[in-house]
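K.L.:
need a structure here:
(one chain, ligands or ions: 2)
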Amino acid sequence: MARKRLDLTFPPRQSLKPVIYHLVKDYDLVPNILRAQIHPAQEGRMVLEVTGTKEDFAAGVAFLEGQGLIVNEAASDIVLDEERCVNCGLCTAVCKPDALTLDPEAQTLCFDKDKCVYCEACVIACPRRAITLTF
Ligand code: SF4
Ligand code: SF4
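P.N.:
Ligands and ions are numbered 1, 2, ... in the order given. Okay, the predicted model is just below:
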């Protein structure tokens, strides 16, 4: 079984197509939606973690592309460089799922990877460039 993260861009005309349903039903894939911003008749974005065999994964991606979606590989990990981090807390203000928090006593940055949805907001917010994405 393989697990990958995909960054999907939906063109406006495809924004309401039930493509995730087809990934499950027709391609035997298990999707986990990490982030989605989809509105009728507008371009939409979705970050998806997909689990399945390599063959099913390849067929599912081909299906998505055949539906007119732009499919890119999304970040697979977020790396915090503790040497660069000065524990200023700026990244915690933009981390909506609270994956990044400041320990109230030690005033040091804590990172809970299980809560991260790979939105990249912290990467942009950090003035020290202490957070990077890996693919
Ligand atoms: S990418 Fe950064 S801001 Fe976004 S959820 Fe993960 S830790 Fe928080
Ligand atoms: S914004 Fe950067 S330097 Fe500040 S706490 Fe977050 S990772 Fe550390």
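K.L.:
By residue count, tell me the biggest helix in this protein.
P.N.:
Counting residues, the longest helix found in the chain (DSSP state H) is helix 54-66.
K.L.:
for that one, which positions count as buried?
P.N.:
Residues of helix 54-66 classed as buried: 56-57, 59-61, 63-64 (neighbour count, 16 or more other Cβ atoms under 10 Å). All C-beta atoms are positioned from the backbone trio N, CA, C, and that covers glycine.
K.L.:
roughly how far apart are the residue lying farthest from the centre of the chain and residue 123?
P.N.:
For the chain, the residue at maximal distance from the C-alpha centroid (Cα atoms, centre = their mean) is residue 105, at 30.6 Å. Applying Cβ to Cβ, to the nearest Å, the value for residue 105 to residue 123 is 27 Å.
K.L.:
Could you do residue 88 as well?
P.N.:
Applying Cβ to Cβ, one obtains 15 Å for the distance of residue 88 from residue 123.
K.L.:
Ends of stretch 119-131, what's the gap?
P.N.:
Looking at stretch 119-131, the gap from its leading to its trailing residue is 12 Å under the measure Cα to Cα, to the nearest Å.
K.L.:
what's next to it, contact-wise?
P.N.:
Here stretch 119-131 makes contact (Cβ atoms under 8 Å, 6 or more residues apart in numbering) with 35, 47, 75, 78-82, 84-86, 88, 90-91, 93-96, 100, 132-133.
K.L.:
Now intersect those residues with the strands, please.
P.N.:
Members of the contacts of stretch 119-131 lying in strands (criterion: DSSP state E): 35, 47, 78-80, 100, 132-133.
K.L.:
Turn those into a markdown table, including pLDDT, neighbour count and distance to residue 23.
P.N.:
Formatted as a markdown table, the entries for the ones in strands among the contacts of stretch 119-131 read as follows, by pLDDT from 0 to 100; neighbours: other Cβ atoms under 10 Å; distance: Cβ to Cβ, whole Å:
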| residue | pLDDT | neighbour count | distance to residue 23 |
| --- | --- | --- | --- |
| 35 | 81 | 16 | 16 |
| 47 | 87 | 21 | 14 |
| 78 | 86 | 19 | 25 |
| 79 | 91 | 11 | 29 |
| 80 | 93 | 18 | 32 |
| 100 | 97 | 25 | 30 |
| 132 | 91 | 14 | 29 |
| 133 | 82 | 14 | 24 |
